[in-house]
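Undergrad: Pasted the sequence and its predicted model underneath.
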Amino acid sequence: MKVYNSLTRRVEDLSPLEGNEIRLYTCGPTVYNFAHIGNFRAYTFEDVLRRVVQFNGMKIRQVMNLTDVDDKTIRGANAAGVALTDYTKTYKDAFFEDLKKLNVQPAEVYPAATDHIPEMIALVQKLMEKGVAYQSEDGSVYFKVREFPGYGKLAHIDFDNQRTGLRCAADEYDKENVGDFALWKAWEESDGPVGWDSPWGRGRPGWHIECSAMSMKYLGETFDLHTGGIDNLFPHHENEIAQAEAATGKPFVKTWMHCAHLKVNGEKMSKSAGNFFTLRDLIEKGYTGREIRYVLINAHYRTGLNFAFSALEDARKSLARIDACVEQLGGCKVEKPEGCGADNAPEWARKCLEDFAAAVNDDLNIPSAFAALFDLVRQTNAHVEEIKQSSNQTVKQSVLSVFRRMDEVLGVIFFGNEKKAVEIPAEIQALLDARAEARKAKNWAESDRLRDEIAAAGWAVKDSKEGQTCTRK
Ligand SMILES: [Zn+2]
């Protein structure tokens with residue numbers, strides 16, 4: 001398995017530093033709002049990454065932090081007049097629901113920043129002892145960038161020779177040396193009830209220290225892999241390296257991977273441009289998590305992804321083609337019988353799987369992997385008569401196993417309930433349930449009344465032997 005390492009700027013082998021397990025840290029969401037599809041591009045990229053690690057027989061231990069204290073969460077909670085934990089809980093829950101809709105495998109640990117304040121204070125203390133941090137007059141504690149010689153190695157910026165670069169950033173900073181960043185922020189009135197006691201007075205941790213403290217707690221002082229969106233690379237990840245390596249004197253992370261931006265209809269996503277979408281917005285429009293996942297992963301992670309509605313329509317068609325093909329082999333529900341694995345598949349199917357494996361191991365070339373999948377679809381369709389006529393089930397099952405094997409990485413074929421075209425909202429489902437009850441009781445007047453109520457809300461009900469089916473009108 002080869003991946004592009006942002007630190008060395010080379011494509012390198014990814015193999016575990018210890019045992020057979022890749023230890024992966026992924027910067028998670030700030031839980032002040034519903035995550036948007038740009039965020040989910042990064043989370044689905046990380047999902048594919050962890051799936052490819054497992055596809056290759058390695059284990060994975062993934063940690064994803066939840067930033068539940070920062071300017072935005074505090075502002076939101078105070079504006080809503082609720083406790084910070086209550087405010088962030090809504091968005092934490094929403095985040096996990098969204099990940100499920102996109103068939104993202106859960107990380108092994110989701111540490112929340114507010115549960116790890118002592119670990120962060122301990123790390124800041126260590127940096128103070130090492131002389132790479134100082135408390136300024138405003139009470140906040142800063143990292144002294146000039147005391148860490150490797151600063152800039154991830155972003156490939158030579159800070160000693162780039163004074164202009166530093167001056168450009170000066171407006172954003174409020175401390176003695178422009179590049180220094182906050183490890184601990186002193187309490188301000190706008191923080192309201194949010195704050196923790198520390199050796200430097202009441203305050204809260206900076207964002208960067210959160211990731212260094214929690215990654216090292218769960219993955220060790222040196223670990224395999226750290227990822228995020230490209231906009232996390234500088235300064236966030238550069239600062240994570242500085243904090244961790246200045247504290248431990250050891251290399252922090254071997255491989256860094258970053259995924260590129262997402263644009264919508266060719267433009268940067270923004271609320272003012274009217275092209276800002278959360279996952280929920282797209283599901284409201286009638287697209288499924290499965291279709292959205294398909295579009296999000298079907299571009300190389302290091303190239304910009306242009307998210308367009310036409311791509312969602314194409315995804316729907318492509319998925320229908322895959323479904324129709326898999327259906328001929330007995331469909332998604334067939335359990336894999338013993339001895340019918342991908343290894344027993346006909347040569348043409350094994351060749352598709354080889355191409356697929358080569359693609360995913362070539363720095364996660366998912367577009368090529370999809371090409372191998374569609375090659376399998378084409379070849380299966382071409383061989384379908386001989387598959388059906390084969391006297392034993394082995395051929396059919398083994399080809400199905402090849403689809404399954406590919407889907408271990410893609411996660412778009414065997415998608416469970418998400419296959420239905422539209423998600424039915426809870427209030428409509430409640431009406432449907434009531435209508436099913438009414439029909440059971442042969443109360444046709446009530447059944448018709450509920451049908452009209454459902455119709456008025458924009459949904460159409462059809463009755464069949466199997467029960468009701470409901471579609472958006
Ligand atoms: Zn982070």
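TA: On my side now, so go ahead.
Undergrad: Wasn't K442 part of a strand?
TA: No: looking at K442 with DSSP: H, G, I helix; E, B strand; the rest coil, it is coil, so not inside a strand.
Undergrad: Low-confidence bits of the stretch 301-450 of the chain, can you list those?
TA: Across the stretch 301-450 of the chain, residues meeting the criterion (pLDDT under 70) sit at 331-339, 391-392, 416-423.
Undergrad: the strands in it, which residues?
TA: 305-307 (DSSP state E, counting those that start in this stretch).
Undergrad: Which one of the residues in it is closest to the ion?
TA: Per CB to the ion, Y301 is where the stretch 301-450 of the chain lies closest to the ion, at 17.6 Å. To be clear about C-beta, it is placed using only N, CA and C from the backbone, and glycine gets the same treatment.
Undergrad: Quick check: residues of the chain near the ion?
TA: Residues of the chain that fall close to the ion, judged by CB under 5 Å from the ion: C27, C211.
Undergrad: Apply 8 Å and report the result again.
TA: Within reach of the ion by CB under 8 Å from the ion, the chain has these residues: 25, 27-28, 65, 67, 207-208, 210-211, 215, 228, 232, 236-237, 240.
Undergrad: mind listing the strands for the stretch 1-150 of the chain?
TA: Per DSSP E, counting those that start in this stretch, the stretch 1-150 of the chain carries strands over the ranges 2-5, 10-13, 21-26, 59-64, 133-135, 141-143.
Undergrad: State the mean pLDDT of the third one.
TA: Along strand 21-26, the predicted local confidence has a mean pLDDT of 98.
Undergrad: Also the last one?
TA: Per-residue pLDDT values across strand 141-143 average out to 96.
Undergrad: contacting residues around it?
TA: 124, 127-128, 132-136, 175-177, 180-184, 200, 239, 242-243, 246 (CB atoms under 8 Å, 6 or more residues apart in numbering).
Undergrad: which phi and psi does L102 have?
TA: The phi and psi values for L102, taken as degrees, to the nearest 10, are phi -100, psi 10.
Undergrad: Narrow the residues of the chain next to the ion to those in helices?
TA: When the residues of the chain next to the ion are checked against helices (DSSP state H), the matches are W207, H208, E210, C211, S215, E240.
Undergrad: Looking at these, which is nearest the ion?
TA: Closest approach between those and the ion, by CB to the ion: C211, at 3.2 Å.
Undergrad: picking up where we left off before, filter the contacts of strand 141-143 to the buried ones?
TA: 124, 127-128, 132-135, 175, 180-184, 200, 239, 242-243, 246 (16 or more other CB atoms under 10 Å).
Undergrad: dump the residue contacts of the nearest residue to K126 once chain neighbours are set aside.
TA: If the residues on either side of it in the chain are set aside, K126 comes closest to A247, at 4.6 Å by CB to CB, 6 or more residues apart in numbering. For A247, the contacting residues are L123, K126, L127, K130, S212, taking CB under 8 Å, 6+ apart as the criterion.
Undergrad: Would you format the ones in helices among the residues of the chain next to the ion as a markdown table with pLDDT included?
TA: As requested, these are exported to a markdown table (pLDDT from 0 to 100):
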| residue | pLDDT |
| --- | --- |
| W207 | 93 |
| H208 | 97 |
| E210 | 96 |
| C211 | 97 |
| S215 | 98 |
| E240 | 98 |
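Undergrad: Out of the residues you listed, which comes closest to V109?
TA: Compare each of these with V109 using CB to CB and the shortest gap goes to S215, at 10.1 Å.
Undergrad: The closest residue in space to the closest one that isn't next to it in sequence: neighbour count?
TA: Distances taken as CB to CB, 6+ apart place Y25 nearest to S215, at 4.1 Å, with adjacent residues excluded. For Y25, the tally of surrounding residues (other CB atoms under 10 Å) stands at 29.
Undergrad: Contacts only, for Y25.
TA: Contacts for Y25 were tallied using CB under 8 Å, 6+ apart; they are 62-65, 211, 215, 218-219, 223, 225-227, 253.
Undergrad: Please tell me I have it right and L102 contacts R280.
TA: No: using CB atoms under 8 Å as the test, L102 is too far from R280 to be in contact (11.8 Å).
Undergrad: higher neighbour count, the two?
TA: Taking L102 and R280 together and counting by other CB under 10 Å, L102 has the greater number of neighbours (22 against 16).
Undergrad: In contact with that one, which residues?
TA: With contact set as CB under 8 Å, 6+ apart, L102 has these partners: F40, Y43, T44, D47, L279, G289, I292, R293, L296.
Undergrad: circling back to that earlier point, in helices, which of the buried ones among the contacts of strand 141-143 appear?
TA: For these, secondary structure assignment (DSSP H) places V124, L127, M128, N239, A242, Q243, A246 in helices.
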